[in-house]
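Chemist: Next input, structure requested:
(one chain, ligands or ions: 1)
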Amino acid sequence: MIEVDTLSRRYGELMAVDQVSFTTGRNEVVGLLGHNGAGKTTIMKMLSGYLEPSAGRITVDGTVLADHARQLQRKLGYLPENLPVYPEMLVADYLEYAATLKGIPRAERHLALREVIAATGLGARALDPIQQLSRGLKQRVGVAQAILGQPRLLILDEPTNGLDPEQTGEMRQLLRRLAQRATIILSTHIMQEVDAVCDRVLVLAGGRLVLDEPLQSLRQSRSLLLRTGLEEPELATWLRRLPQVAAVHEESASANCRSWTLQLHPRSDLDTAANNIASCVTGAGAALYQLQPLVRDLDSIFREATMQQGGSELEH
Ligand SMILES: Nc1ncnc2c1ncn2[C@@H]1O[C@H](COP(=O)(O)OP(=O)(O)OP(=O)(O)O)[C@@H](O)[C@H]1O
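Modeler: Got it, this is the predicted structure:
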């Protein structure tokens, strides 16, 4: 869908985006993460064709964005960081204006408006001036204009910024619905957002891409948690001899059980390792109470990825 090839953007002396490359698949939800000033908005502006890269290339469905910006802009939906809504306009009037700007033919506009108003739950407020809406509803107007014309690509800069928890939940549900028919690239500071809606995570630090991984594989560590009975005091020695096990750390022991973390070798197969560990425990005559992969939390993944740049924790 999108291919970003060694994309860079300078503001004077500052390299805001530095040789970033990634590709996205169809209907993928990609979370762009990073501290303030990491370069997220700058990338989103370039992806939406509103800012020219200093170097590098963006291709959308095989078409080079720089060569066909107007044509591609009509096919994508963009929610900028600062909502582009005009406070004095009625919601419906603003959306009709946005539909005109997007080049949706007059005959199709009415249906297009009805569709986005229904999708964003704005039906009861369609004839209200935008300035009378809450922050959350204004944000929905922003999303409504972005999804006009059913774009296959949505670029959303902090779509839940400033929303209360209930509005945030509603927005995430909307994003999940939209993801059924569009590729979404969204920027956020919020780890729960990534967890709730993203398939893939890109982490930026100081304008550079420092991590690009599917959420599922990112969370899965190469470690297993093991809890057994006390029957075999030398069990750790047996476990260390398994070809898949790189290290064994005893976490705790109580009156009736012991817990370990087993670190696996990078290329070992998880299922084979689990099967061998289970056989080793039971073969040694110890009771097996628990064996499961350790799930890494996203905060520590983010911290590790941005550590070089002096990162701090993200919001929840
Ligand atoms: N128009 C501009 N002129 C000069 N510097 C800019 C301009 N826009 C952004 N920058 C700088 O470029 C860097 C990246 O900014 P950008 O807005 O892309 O970061 P961000 O990751 O979106 O940050 P935030 O999370 O705060 O929105 C920052 O250092 C910022 O100060």
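
Chemist: Enumerate every residue touching Arg70.
Modeler: Arg70 sits next to Gly49 when contact means CB atoms under 8 Å, 6 or more residues apart in numbering. C-beta coordinates here come from the backbone N, C-alpha and C atoms, glycine included.

Chemist: what's the distance between it and the ligand?
Modeler: To the ligand, Arg70 is 22 Å away according to CB to the nearest ligand atom, to the nearest Å.

Chemist: in the helix or strand that that residue is a member of, what counts as buried?
Modeler: Per DSSP states H and E, Arg70 falls inside helix 69-73. Going by neighbour count (16 or more other CB atoms under 10 Å), the buried part of helix 69-73 is Leu72, Gln73.

Chemist: CA-only coordinates of that helix, as CSV, when you get a sec.
Modeler: What follows is helix 69-73, C-alpha atoms only, in CSV (Å, rounded to 0.1, in the frame of the first residue of the first chain):
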residue,chain,number,x,y,z
ALA,A,69,0.1,14.7,-5.0
ARG,A,70,-3.3,16.2,-5.9
GLN,A,71,-4.5,12.9,-7.3
LEU,A,72,-3.4,10.9,-4.3
GLN,A,73,-4.7,13.4,-1.8
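
Chemist: now it: how far from the chain's centre is it?
Modeler: Chain-centre distance of helix 69-73: 25 Å, with CA atoms, centre = their mean, to the nearest Å.

Chemist: ok, now stretch 70-90?
Modeler: In terms of CA atoms, centre = their mean, the centre of stretch 70-90 is set 21 Å apart from its chain centre.

Chemist: Ok, stretch 30-50 next?
Modeler: The answer for stretch 30-50 is 12 Å, by CA atoms, centre = their mean.

Chemist: circling back to that earlier point, C-terminal to the helix holding Arg70, what's the next element?
Modeler: Where DSSP H and E defines the elements, the next helix or strand beyond helix 69-73 is strand 76-79.

Chemist: okay, that next one in PDB with CA atoms only?
Modeler: Output of strand 76-79 as PDB, limited to C-alpha atoms (Å, rounded to 0.1, in the frame of the first residue of the first chain):
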ATOM      1  CA  LEU A  76      -6.500   9.600   1.300                       C
ATOM      2  CA  GLY A  77      -8.100  10.900   4.500                       C
ATOM      3  CA  TYR A  78      -6.000  13.100   6.700                       C
ATOM      4  CA  LEU A  79      -6.700  14.300  10.300                       C
END
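
Chemist: tell me the mean pLDDT over it?
Modeler: Here strand 76-79 scores 92 as its mean pLDDT.

Chemist: Report all helices and strands that it contacts.
Modeler: helix 135-146, strand 153-157 (3 or more CB pairs under 8 Å, 6 or more residues apart in numbering; DSSP states H and E).

Chemist: Going by neighbour count, list what's buried in the next helix or strand after the last one.
Modeler: It stands for strand 153-157. As assigned by DSSP H and E, the chain's next helix or strand after strand 153-157 is helix 165-178. In terms of neighbour count (16+ other CB under 10 Å), helix 165-178 has its buried residues at Gln167, Thr168, Glu170, Met171, Arg172, Leu174, Leu175, Leu178.

Chemist: Tabulate the helices and strands packed on strand 76-79 in a markdown table, adding columns for mean neighbour count, distance to the ligand and mean pLDDT.
Modeler: Below are those laid out as a markdown table (neighbours: other CB atoms under 10 Å; distance: least, CB to the nearest ligand atom, whole Å; pLDDT from 0 to 100):
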| stretch | mean neighbour count | distance to the ligand | mean pLDDT |
| --- | --- | --- | --- |
| helix 135-146 | 22 | 15 | 90 |
| strand 153-157 | 25 | 7 | 94 |
